[in-house]
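> fold the following, please.
(chains A and B)
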Number of protein chains: 2
Amino acid sequence: MNIISYTIWILENHCFIVYSVLIAIFIAFTVFHKNRIENRELIREKKFVPKYYHAEKISDRKNHDDEDPDFLTSAIPENTPYIPYKPIRRSTEEIIKRSREYYELMATRRTVRSFSTEPIPQDVLDNIIKTAGTSPSGAHTEPWTFVAVQDPHMKLAIRHIVEEEEEENYARRMSRQWVTDLKPFATNSTKPYLCDAPALILVFRQTHSFRSDGKKRMHYYSDISVAIAAGILLSAIHYCGLVALTSTPLNCNSRLRDLLSRPHNERLELLLPVGKPHDNTTVPDLRRKPLSEIMLNC
Amino acid sequence: MNIISYTIWILENHCFIVYSVLIAIFIAFTVFHKNRIENRELIREKKFVPKYYHAEKISDRKNHDDEDPDFLTSAIPENTPYIPYKPIRRSTEEIIKRSREYYELMATRRTVRSFSTEPIPQDVLDNIIKTAGTSPSGAHTEPWTFVAVQDPHMKLAIRHIVEEEEEENYARRMSRQWVTDLKPFATNSTKPYLCDAPALILVFRQTHSFRSDGKKRMHYYSDISVAIAAGILLSAIHYCGLVALTSTPLNCNSRLRDLLSRPHNERLELLLPVGKPHDNTTVPDLRRKPLSEIMLNC
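Got it, this is the predicted structure:
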């Protein structure tokens, strides 16, 4: 196929894409042109800037200060005192030993898809979620809500929603390559573990919150903060002797949020069935990448 | 101001926004219209679907299969055998005890901004990064690269880049509210800890990779997977007796990626100075939210 016939083929078969690209170029040019005229300084800024950086535009700063003296109150008191931090001091030998010991423990963690129905003591649920709550977060906004579901009716209602959406996901929403990549995990739209596991922990991310004076409080880097907290939650689950399934329920956010009466500033990020593994639990015989493939020293 | 004069004011002063909204509506209508004609079933799909779901369009599936029999090879062998999973069985009492013990340990973790220059044994760096590598990831893609920088010249080069970008961030890119929210943390664009800390761990996310046959391998949920791994990395750092600063270097991705010769499918997500705390380390006297504010039971 030569270039001309290929171009004609593109124009004929993908006119929508060509059309969109042209409009995108047009919009990009308009933005560029407008910025150049309005503020020559901004030309230098071509890098990606997340949307909340300019929640207020630079040019609005002065106006805001004039109109609203409370505008620039920090979310945490600005005069928060500093205190000495004296964590446990460990010898070099102890640090080496503990780093190996912790690796050996964590290396035995696996994602599990069949659970014993034995309940989890409430103290344990409380402790693992308190542990997740020790995670760092952007400007200490702690943008997380953990919903622990133990009620069988609620678990069943969650299962119905997840299975309905998953059926759609596998049949229609996920790419065929994705479905193929998941085959070794023998996953499908039937999720008995959502009823079997004694507890489901739903991890919600608060995109923002409200200060006591009613003003919106931005949650910087809430996505990364919540996922870090989920990592610490998983480490707590494994450390105490329980297992979990790390799942990201596709397209279930609004239905599960409504089911659990969570507000609209919250978004479901993860759903973790937690409990003891079923006696006959099996897992795919996967290997993890060796250190040389994930680490570089320089 | 009545509606007519307000409308005129909007059109006069925000013609660009009005224009963009009109184009967006136009594009949305075109997409809707095209989908309706091409595939009536798709009309039902109005929900958010991340971009890689349709990395190949549904209508392309058959063609792909015909042209390329290797297309649907799963990234992990499809016949991966299943093996029994027998983690350590712990008694209920032990689970309760260990969940409390781990919470009490993790509750002493704080983000630290002044480090002792004492080096970290290579074994410890290896172990904490191996621990991070035990994290779960979408379809077991393990989409992470950890670069451990101990060379003083490289640390200095990183510091220069981060400080230069941070100066721009504080002066121009971050909203004034954000700068204010950070005041209690006494952060600014000077980062001596980037040279003091004996190691900097830069966490890169692989947005995709390549299979041995050269085909692109999608990394599903790579963002959440990498942040979960960072959470587990932080838990390993704290468990062994070191401290870290969890930072997300704003706008430094391309310069640090180039400095460290990382490929273009990798993106810098986090930069963690790691080491022992300086003898006189202080931290802001912050409280964490009580359990009742972060956990719901149902």
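> whichever residue of the stretch 151-298 of chain A sits closest to chain B: which element?
At 2.0 Å from chain B, residue A:231 is the closest residue in the stretch 151-298 of chain A, using C-beta to the nearest C-beta. From N, CA and C alone the C-beta is placed, and that goes for glycine too. Per DSSP states H and E: residue A:231 is located in helix A:222-240.
> same deal with residue A:202?
strand A:199-206.
> run through who's touching that strand.
Applying C-beta atoms under 8 Å, 6 or more residues apart in numbering or on different chains, the external contacts of strand A:199-206 come out as A:119-120, A:125, A:129, A:141, A:143-150, A:155, A:158, A:194, A:219, A:222-223, A:226, A:229-230, A:233, A:244, A:256-257, A:260, A:262, A:265-275.
> rounded mean pLDDT for the helix or strand containing residue A:274, please.
Residue A:274 belongs to strand A:266-275 when elements are defined using DSSP H and E. The average pLDDT for strand A:266-275 rounds to 97.
> and it, what does it pack onto?
Contacts defined by 3 or more C-beta pairs under 8 Å, 6 or more residues apart in numbering or on different chains; DSSP states H and E place strand A:266-275 against helix A:193-196, strand A:199-206, helix A:222-240, strand A:243-244, helix A:253-259.
> before we move on, the earlier item: isn't the residue of the stretch 151-298 of chain A closest to chain B right up against residue B:228?
Yes: with contacts counted by C-beta atoms under 8 Å, residue A:231 reaches residue B:228, the gap being 4.0 Å.
> report the set of residues contacting both of these two.
In contact with both residue A:231 and residue B:228: residue B:135, using C-beta under 8 Å, 6+ apart.
> hang on, the earlier thing: excluding covalently adjacent residues, which one is nearest to the residue of the stretch 151-298 of chain A closest to chain B?
Nearest non-adjacent residue to residue A:231, counting by C-beta to C-beta, 6 or more residues apart in numbering or on different chains: residue B:231, 2.0 Å away.
> mind listing the helices for chain A?
With DSSP state H as the criterion, chain A has helices at A:3-13, A:15-38, A:61-67, A:92-106, A:122-132, A:152-168, A:176-181, A:193-196, A:222-240, A:253-259, A:291-294.
> Serialize the helices and strands packed on strand A:266-275 to CSV and add fields for mean pLDDT.
Putting these into CSV (pLDDT from 0 to 100) gives the following:
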stretch, mean pLDDT
helix A:193-196, 97
strand A:199-206, 98
helix A:222-240, 98
strand A:243-244, 98
helix A:253-259, 96
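> Serialize those to TSV and add fields for mean neighbour count.
Converted to TSV, the helices and strands packed on strand A:266-275 look like this (neighbours: other C-beta atoms under 10 Å in any protein chain shown):
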stretch	mean neighbour count
helix A:193-196	19
strand A:199-206	24
helix A:222-240	26
strand A:243-244	27
helix A:253-259	17
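> list the contacts of the residue lying closest to residue A:170 once chain neighbours are set aside.
In this structure, residue A:170 finds its nearest non-sequential neighbour in residue A:189, 5.5 Å apart by C-beta to C-beta, 6+ apart. Applying C-beta under 8 Å, 6+ apart to residue A:189 gives the contacts A:163, A:166-167, A:169-170.
> please pick the buried ones from those.
With burial judged by 16 or more other C-beta atoms under 10 Å in any protein chain shown, the buried subset of those is A:163, A:166, A:169-170.
> for chain A, which residues score under the pLDDT cut-off?
A:1-4, A:7-8, A:10-12, A:15-16, A:18-19, A:26, A:29-75, A:186 (pLDDT under 70).
> gap between residue A:27 and chain B?
Separation of residue A:27 from chain B (C-beta to the nearest C-beta, to the nearest Å): 7 Å.
> next up, the contacts around that residue.
Residue A:27 neighbours (C-beta under 8 Å, 6+ apart): B:20, B:23.
> circling back: is it true that the residue nearest to residue A:231 touches residue A:227?
Yes: using C-beta under 8 Å, residue B:231 is in contact with residue A:227, at 6.9 Å.
> how is chain A carved up into domains?
The record's domain parsing of chain A by automatic domain parsing lists A:3-47, A:114-279.
> just name the most buried of the ones you listed.
domain A:114-279 (a mean of 20; mean count of other C-beta atoms under 10 Å in any protein chain shown).
> return the distance of that domain from the chain's centre.
Put simply, domain A:114-279 sits 10 Å off its chain's centre (C-alpha atoms, centre = their mean, to the nearest Å).
> endpoints of stretch A:237-244, how far apart?
From the first residue to the last, stretch A:237-244 extends over 7 Å; the measure is C-alpha to C-alpha, to the nearest Å.
> what do you get for stretch A:103-123?
End-to-end distance of stretch A:103-123 (C-alpha to C-alpha): 26 Å.
> turn the buried ones among the contacts of residue A:189 into CSV, columns for distance to residue A:297.
Below are the buried ones among the contacts of residue A:189 laid out as CSV (distance: C-beta to C-beta, whole Å):
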residue, distance to residue A:297
A:163, 46
A:166, 42
A:169, 40
A:170, 42
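> what is the nearest of those residues to residue B:25?
Closest to residue B:25 out of these is residue A:169 (28.7 Å), distances taken as C-beta to C-beta.
> surely the closest one meets residue A:250?
Yes: under the criterion of C-beta under 8 Å, residue A:169 makes contact with residue A:250 at 4.9 Å.
> quick one: closest of the helices and strands packed on strand A:266-275 to residue B:239.
Closest to residue B:239 of these, according to C-beta to C-beta: helix A:222-240, at 8.5 Å.
> quick check, residue A:168 in contact with residue A:251.
Yes: using C-beta under 8 Å, residue A:168 makes contact with residue A:251 at a distance of 7.2 Å.
> related to what we said a few turns ago, so which of the domains of chain A gets nearest residue B:90?
domain A:114-279 (3.5 Å).
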